[in-house]
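Student: what would the 3D arrangement of this be:
(chains A and B)
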2 protein chains.
Amino acid sequence: MTDAYVDEGLRRDGHQELPLGPRARQTRATILKAAADAFGANGYASTTMADVATASGVSLGTVYQYFRDRADLISVLVRGRVAKRMNQAEVGWKTQDGVAGLERLLTNFVAAYAEVAPLAAVWEEVVHVEPALADLRRRLGRQLTDAVARELGRAAKAGAVRSNLDPDITARALTAMVDRFCFVTYVFDPPEAGPPAPSTAARELATLWADAIGLRN
Amino acid sequence: MTDAYVDEGLRRDGHQELPLGPRARQTRATILKAAADAFGANGYASTTMADVATASGVSLGTVYQYFRDRADLISVLVRGRVAKRMNQAEVGWKTQDGVAGLERLLTNFVAAYAEVAPLAAVWEEVVHVEPALADLRRRLGRQLTDAVARELGRAAKAGAVRSNLDPDITARALTAMVDRFCFVTYVFDPPEAGPPAPSTAARELATLWADAIGLRN
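Tutor: Below you'll find the model as predicted:
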């Protein structure tokens, strides 16, 4: 799959792959929106390309002009809606921004997660059925943990965090904490009284994260 | 499903449910072991009751005497092998045992997780396809986070941990950290050099957990 296909979209006509004009871009966006809603409402396994066509108000042939299959659809959705925001939120972590900076990043992350909760649930489901998407998830996860581990290693040397921490284990543990907290709290098993506001959750997560590594203000 | 069925096992003969003699207990254990291996090797979705029968060296009818369906099999496996150890490991958490006590608990937890890694992977998969098992998972998860939240609330009042922490969010976050770290590290995406020894991982996780809540030695 070419990057242009993922980021900008292409349309297939026979063996040709065509760039999108304004109208085709609109059609593609409509299909993506309908697919996100359908996957979110019924789960990945129970949603067919025909369901997506019906929900989009276009023909099945039209859906196939824009997307190879369901895996292609969910991959584009995840890259566009989940991965990009999550990476924006966390790869930019710098210990020098202190606890307040960390809280800002985590607030963005948690808010984005809560907003796309139905799609986040599909993202958890799909890695068990589509090996290519499991690979995508591993890649995105590694990108994130590697960035956090590098920053932790740098900060430990500079004395900005606890000097005896293991950057790799710590990076995996803290990113796992935030990611899984969000899944359990906003998707899988919200508290009876409703999930906490993202800003409340992010403040607590930022404090736990900062104290866990000995981050000074 | 009766609890006797889950814990001790029963055998169905026509409409009768019979308690197990020594030989039947052995047969049931053989089927469970073969099922754990088959689910672990091929995933839940790709493993049929007939596959389990073949792997156990018994007839399909015999498998159905002991287990209603695949969901029944995985439910018994999870309760027996995953849930029991995990709960032993963590529900018993007492802040008065200090960082060393926490490290002992987490070492047990991580070692048990690493040992049943293939089954842990199935446990992640199955909640997306079997609503009854998703409920079981929610119940077990709640049991754990509620116990941790109670202990945190108690310890915060007693001044044994940071006084301004939110027990519920913190309990969800820290149990999520340990659970997800184990899944990513021992199942989904182990480091290229191989996963860390459970004792190494547990020492780091215990330090992060303890520092996050301000637990004194």
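
Student: quick check: nearest residue in space to A:Leu60, chain neighbours excluded?
Tutor: Nearest residue to A:Leu60 in three dimensions, chain neighbours excluded: A:Ala53, at 4.4 Å (Cβ to Cβ, 6 or more residues apart in numbering or on different chains). For glycine as for every other residue, the C-beta is placed from the backbone atoms N, C-alpha and C.

Student: unless I'm mixing things up, A:Leu106 is touching A:Val178, no?
Tutor: Yes - assessed by Cβ atoms under 8 Å, A:Leu106 is found in contact with A:Val178 at 6.5 Å.

Student: find the residues that touch each one of the two.
Tutor: A:Leu205, A:Trp209 (Cβ atoms under 8 Å, 6 or more residues apart in numbering or on different chains).

Student: and the helices in chain A?
Tutor: Secondary structure of chain A (DSSP state H): helices at A:3-7, A:22-42, A:49-56, A:60-66, A:70-77, A:84-91, A:98-115, A:117-126, A:131-158, A:167-183, A:198-213.

Student: which of those sits most buried?
Tutor: helix A:167-183 (a mean of 25; mean count of other Cβ atoms under 10 Å in any protein chain shown).

Student: please tell me how far the residue nearest to A:Asp37 when sequence neighbours are not counted sits from chain B.
Tutor: Leaving aside its sequence neighbours, A:Asp37 sits nearest to A:Ala55 (Cβ to Cβ, 6+ apart; 6.7 Å). According to Cβ to the nearest Cβ, to the nearest Å, A:Ala55 and chain B sit 21 Å apart.

Student: also A:Pro195?
Tutor: Distance of A:Pro195 to chain B, given as Cβ to the nearest Cβ: 10 Å.

Student: I'd guessed that residue sits against A:Val187; true?
Tutor: No - A:Pro195 is beyond contact range of A:Val187, at 9.3 Å (criterion: Cβ under 8 Å).

Student: can you put the helices of chain A in TSV and add distance to B:Ala149?
Tutor: Below are those laid out as TSV (distance: least, Cβ to Cβ, whole Å):
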stretch	distance to B:Ala149
helix A:3-7	42
helix A:22-42	29
helix A:49-56	40
helix A:60-66	46
helix A:70-77	34
helix A:84-91	26
helix A:98-115	19
helix A:117-126	22
helix A:131-158	27
helix A:167-183	13
helix A:198-213	12
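
Student: for the ones you listed, which has the smallest mean pLDDT value?
Tutor: Of all the helices of chain A, mean pLDDT reaches its minimum on helix A:3-7 (a mean of 44).

Student: quick check: domain ranges of chain A?
Tutor: Here the domain parsing of chain A from automatic domain parsing is A:3-68, A:73-213.

Student: okay, the ones you listed in CSV with distance to B:Ala160 next?
Tutor: Formatted as CSV, the domains of chain A follow (distance: least, Cβ to Cβ, whole Å):
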stretch, distance to B:Ala160
domain A:3-68, 42
domain A:73-213, 15
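
Student: B:Gly92 is nearest to which of those?
Tutor: With Cβ to Cβ as the measure, domain A:73-213 is the member of the domains of chain A nearest B:Gly92 (21.3 Å).

Student: so how far is the first residue of the closest one from its last?
Tutor: End-to-end distance for domain A:73-213: 39 Å, by Cα to Cα, to the nearest Å.

Student: residues in contact with the closest residue to A:Ser163 other than its chain neighbours?
Tutor: Of all residues not flanking A:Ser163 in the chain, A:Ala156 sits nearest, at 5.4 Å (Cβ to Cβ, 6+ apart). The contact partners of A:Ala156, taken as Cβ under 8 Å, 6+ apart, are A:Arg162, A:Ser163, A:Leu165, A:Pro167.

Student: excluding chain neighbours, what is closest to A:Gly141?
Tutor: Using Cβ to Cβ, 6+ apart and skipping the chain neighbours, the partner closest in space to A:Gly141 is B:Asp189 (6.2 Å).

Student: surely the one you found is in contact with A:Leu140?
Tutor: No - using Cβ under 8 Å, B:Asp189 makes no contact with A:Leu140, being 10.6 Å away.

Student: ok, the residue nearest to A:Gly141 - contacts?
Tutor: Contact analysis of B:Asp189 by Cβ under 8 Å, 6+ apart lists A:Arg138, A:Gly141, A:Arg142.
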